[in-house]
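**Student:** Dropping a prediction and its sequence here:
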Amino acid sequence: MITAERKPLEEIIEYIRPFQKILLIGCNECVTVCSAGGRKEVGVLSSLLQMSFLKQGKNLQIREHTLERQCDPEYVEELVSMVDGVDAILSMACGCGVQEICRRFKNKPVFPAVNTKFMGASERQGVWAERCQGCGNCLLGVTGGICPIARCSKQLMNGPCGGSTNGKCEISPDVDCAWQLIWDRLKALGMEDRYEEIIPAKDWRPGRAAGPRKIIREDLAE
Amino acid sequence: MKTDSVLEKVLKSGNLAVTSECGPPRGAVPEKVRQKAEMLRGYVDAVNVTDNQTAMVRMSSFAASVIIRQMGLHPIMQMVTRDRNRLAMQSDIIGAYSHGINTMLCLSGDHPHFGDHPMAIGVHDIDSIQFVQMVRKMRDEGKFQGGADIENPPKMFIGAAANPFADPFELRVARLAKKVAAGVDFIQTQCIYNLDKFEKWMAGVRDRGLDEKCYILAGITPIKTVGMARYMKNKVPGMDVPQEVVDRMAGVPKEKQAEEGIKICVESIERLKQVKGVAGFHIMAIEWEQKVPEIVEKAGLYPRPQIV
């Protein structure tokens, strides 16, 4: 999933300070799962903003709404009837959702209420960790199912650097050494020989190197 | 001979090679480069020039290498994958070669986290093994990494690092094997204090015949104080300083500790000379370059062979 964290309240307040009526929209997908921008977080942020402005003697009107998927034009269309009556839109979706709202509502200021972080997985309750960088040419098949691009701090593709200590990365004892994980798994699978195959320099074009990316499925595209 | 590198010639001649290190200054002070390098003249075969070591901005390795080359010494230009993509690396390699620099060390580099620009992003377009492959292709095939022909290809003697003390230990010989397969000519190791572990690693290296496919220079760093020993033991990732080394430093009065550090260093070299597959020594006397001549002499590595 795409993970996110709510921005500091002060930053959000500065964005919406000039406005009276706000549409605050959540998203029912990834940001709901990582507890950053779903229906519940929309409710909490709405109360916090109203309280904060009330203290300054300002009556902020907030309309709350959570879409099934903010990155999907079909669902964004739901907002049409709500947008006319507000001065600005505050989105709790990831950057994809925010931009989809901007695209649809060209004359309305739109502000992000979360910082989009990374593609990751839940490690345990309340903890999410990065797993994928969307390089566009998946290496997991040759690295034992653990990604060195996303999980090695130096994105080394051919083994651990000289800083790997007790299974941890040199940058922090809280970060696992990706190559220790890869090696442990190759061993568990009896595939140690795989380690000695050199992974050649990566062609980054399927990733960000060739500019903003797009997928066009001819069989589906209208 | 693959190159005109003096280091290659010394190694090929069968002599134990000696290299040392010059960390460029944090400012436009070429005289500091000259000062440090001058201390090493006659006592080492080649001088490593670090590339933004510990992820702190310094005079570029390329520029400092040119200064050292102009002094008639032989720089080993270090280059890290952290600060440059493959275009910048290759252009610097042909640039350096155009200035008579023919020996280099290919590294991934310390993470920006450790330096004074922790907000910077590491490039890591390629890793250190792919870097070795790239420099070998430039030299042996006369081609850029992208495939185009190079006019007058740079003939670099190619070095890389190895750390026998990092984890997982069982992977450390295999990692060297990958560097050898990528085309490395020589290796400089992490500073060795745990000689038993180093000898164990070397046994694994010999089992696979890797010592016959590349020259291994054992890394040596003299310890100045017991504080430095403790710091390296506890704070530097991938460093293995046994407790007895710390105790030995702690066992002598403060004013005698530097001398004790040199003694440990010379004893280590004497023992490592007996290890089959050790082709020389890389003496990293960090901000203590003036001690290198003394270490080289006391370790019986002076005078250096005169190779033309």
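**Tutor:** Thanks, I have the structure now.
**Student:** got a list of what B:G219 touches?
**Tutor:** Counting by Cβ atoms under 8 Å, 6 or more residues apart in numbering or on different chains, B:G219 touches B:188-192, B:281-282, B:284. (C-beta placed from N, C-alpha, C; glycine too.)
**Student:** The closest residue to A:M191 other than its chain neighbours: how many residues sit nearby?
**Tutor:** Leaving aside its chain neighbours, A:M191 sits nearest to A:G144 (7.0 Å; criterion: Cβ to Cβ, 6 or more residues apart in numbering or on different chains). A:G144: 21 surrounding residues under other Cβ atoms under 10 Å in any protein chain shown.
**Student:** Surely A:G144 is within a helix?
**Tutor:** No. Checked against DSSP: H, G, I helix; E, B strand; the rest coil, A:G144 lies outside a helix; its state is coil.
**Student:** Now the element after the strand or helix carrying B:I216, going C-ward?
**Tutor:** Following DSSP states H and E, one finds B:I216 within strand B:215-220. Using DSSP H and E, the helix or strand that follows strand B:215-220 in sequence is helix B:226-235.
**Student:** quick one: average pLDDT of that next one?
**Tutor:** For helix B:226-235, the mean pLDDT works out to 95.
**Student:** Could you pull out the buried residues of that helix?
**Tutor:** By 16 or more other Cβ atoms under 10 Å in any protein chain shown, the buried positions in helix B:226-235 come out as B:226, B:228-229, B:232-233.
**Student:** any idea how far B:V292 is from B:T103?
**Tutor:** 18 Å (Cβ to Cβ, to the nearest Å).
**Student:** These two - which one has more neighbours?
**Tutor:** B:T103 (27 against 22).
**Student:** Regarding chain B, what is its longest helix?
**Tutor:** Determined from DSSP state H, the single longest helix within chain B is helix B:257-273.
**Student:** what does the helix or strand just after that one contact?
**Tutor:** The first helix or strand that comes after helix B:257-273 along the chain, using DSSP H and E, is strand B:278-283. Contacts to strand B:278-283, defined as Cβ under 8 Å, 6+ apart, come from residues B:10-11, B:15-21, B:44-45, B:48, B:186, B:188-189, B:202, B:211, B:215-222, B:265, B:269, B:272, B:292, B:295-296, B:299, B:301.
**Student:** And the helix or strand following strand B:278-283, what's buried?
**Tutor:** Following strand B:278-283 in sequence order, the next helix or strand is helix B:292-298 (DSSP H and E). Buried positions in helix B:292-298, judged by neighbour count with 16+ other Cβ under 10 Å: B:292-296, B:298.
**Student:** what about stretch B:14-25, average pLDDT?
**Tutor:** 97.
**Student:** and it with chain A, contact?
**Tutor:** No. Using Cβ under 8 Å from any Cβ of the partner chain, stretch B:14-25 stays clear of chain A, coming no nearer than 16.0 Å.
**Student:** Check which residues of that stretch are buried.
**Tutor:** Under the neighbour-count criterion of 16+ other Cβ under 10 Å, stretch B:14-25 has B:15-25 buried.
**Student:** chain center to that stretch: distance?
**Tutor:** Remark: stretch B:14-25 is offset 7 Å from the chain centroid, using Cα atoms, centre = their mean, to the nearest Å.
**Student:** No further questions, thank you.
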